[in-house]
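J.: Sequence and predicted structure below; questions after.
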Amino acid sequence: MNQSAAKRGAGDVMLEARGMSKRFGDHTVLQDINLSIQRSEVVCLIGPSGSGKSTLLRSLAFLENYDDGEVFVEGELLGYDRASDGRRVRSRPSRLSDVRRNMGMVFQQFNLWPHLSVLENVMEALLRVRGMKRDDAHRLALATLEKVGLAEKAGAWPNRLSGGQQQRVAIARSLAMSPAIMLFDEPTSALDPELVGEVLQVMRQLAEEGMTMVVVTHEMGFAARVADRVLFLDQGHIVEQGPPTRLFRHPQSPRLAQFLGNYL
Ligand code: ADP
Ligand code: MG
């Protein structure tokens, strides 16, 4: 078990979804999702393929327009607001992009810039988005690469790195922006099995340092050891949630039991 109960502050909520629903045409992909994530909490999202995990993550990051419900970031309603006549209106884009800057996203595909060195990949957003001075960006990027164990690769081209190293660069790139929360969507699913561990190790270290994290993953061992809470999503519903020990050892719903059975 990690020490997050102790490291956590007075239970303040970082991110909250209330009654979130999302349809693609007449296919309901998320159905009445209620979810709140505390500061420094690590939440793992598990569920079968197509259950809506990526859509939920993307909706929480305002990368996806949901149809119903509200998202609150540190208590502030964002995404959609109610106009005075009751209509739903989109939040100001400038406000949304401010909030998005505080969210780091890491995807299955690393999407590093192939024409930039590892260091320049990490510096890019610091220069362009944060408007940092080159020297400062350089220093911060190097320190962040150090954190993920890749300082010695600073000058390398991304395509010379293993998949695990590339994903660690992608994590460093997000991390350098000092996000308040990190969202991971199957960060190890594209990796050869022997490269998964080094990426999970970096994520585990982040969790232990108190980063607030939402992680979509099929790595049940990681979820069991690192998550404070595991959410099981099926057909757009949160079917079950709780501490990993309870969820994994005593699943209440047949669907979760069956899902976990596939990993044994
Ligand atoms: P998961 O990440 O759990 O595999 P997704 O969130 O990617 O699930 O997808 C949930 C459902 O939404 C799936 O049935 C998928 O086919 C559908 N879906 C996802 N994105 C789109 C889209 N852009 N247009 C139409 N359907 C989509
Ligand atoms: Mg997905």
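T.: Here it is on my side, so go on. Small disclaimer: the values here were computed from a predicted structure and weren't measured. Numbering: from 1, shown residues only. Ligands and ions are numbered 1, 2, ... in the order given.
J.: which residues are contacting stretch 236-243?
T.: Under the contact criterion CB atoms under 8 Å, 6 or more residues apart in numbering, stretch 236-243 has outside partners 22, 28-35, 51-52, 227-233, 247, 251-253, 255-256. Quick note: C-beta positions are derived from backbone N, CA and C, even for glycine.
J.: Now with 6 Å, please.
T.: Counting by CB atoms under 6 Å, 6 or more residues apart in numbering, the neighbours of stretch 236-243 from elsewhere in the structure are 28, 29, 30, 31, 52, 231, 232, 252, 253, 255, 256.
J.: Redo those as JSON lines? Include secondary structure.
T.: JSON lines is the format used below for these (DSSP: H, G, I helix; E, B strand; the rest coil):
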{"residue": "28", "secondary structure": "strand"}
{"residue": "29", "secondary structure": "strand"}
{"residue": "30", "secondary structure": "strand"}
{"residue": "31", "secondary structure": "strand"}
{"residue": "52", "secondary structure": "coil"}
{"residue": "231", "secondary structure": "strand"}
{"residue": "232", "secondary structure": "strand"}
{"residue": "252", "secondary structure": "coil"}
{"residue": "253", "secondary structure": "coil"}
{"residue": "255", "secondary structure": "helix"}
{"residue": "256", "secondary structure": "helix"}
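J.: just these now: which is nearest ligand 2?
T.: The shortest gap between ligand 2 and any of the contacts of stretch 236-243 belongs to residue 52, at 8.4 Å (CB to the ion).
J.: And the pLDDT for the closest residue to the closest one other than its chain neighbours?
T.: Nearest-residue entry for residue 52: residue 236, 4.4 Å, with adjacent residues in sequence omitted and distances by CB to CB, 6 or more residues apart in numbering. Looking at residue 236, its pLDDT stands at 97.
J.: Repeat that for residue 11.
T.: Confidence for residue 11, expressed as pLDDT, is 63.
J.: got it, and residue 58?
T.: Residue-level pLDDT assigned to residue 58 equals 94.
J.: Now name the helix or strand holding the nearest residue to it once chain neighbours are set aside.
T.: Once its chain neighbours are removed from consideration, residue 58 has its nearest residue in residue 64; the separation is 4.0 Å (CB to CB, 6+ apart). Mapping residue 64 onto the secondary structure by DSSP states H and E places it in no helix or strand at all.
J.: surely residue 64 meets residue 54?
T.: No - taking CB atoms under 6 Å as the contact criterion, residue 64 and residue 54 are not neighbours in contact, 8.8 Å apart.
J.: So which of those two has more stuff around it?
T.: Using other CB atoms under 10 Å as the criterion, residue 64 and residue 54 rank with residue 54 on top: 19 against 16.
J.: Tell me, how many residues neighbour residue 229?
T.: Residues contacting residue 229 under the criterion other CB under 10 Å number 20.
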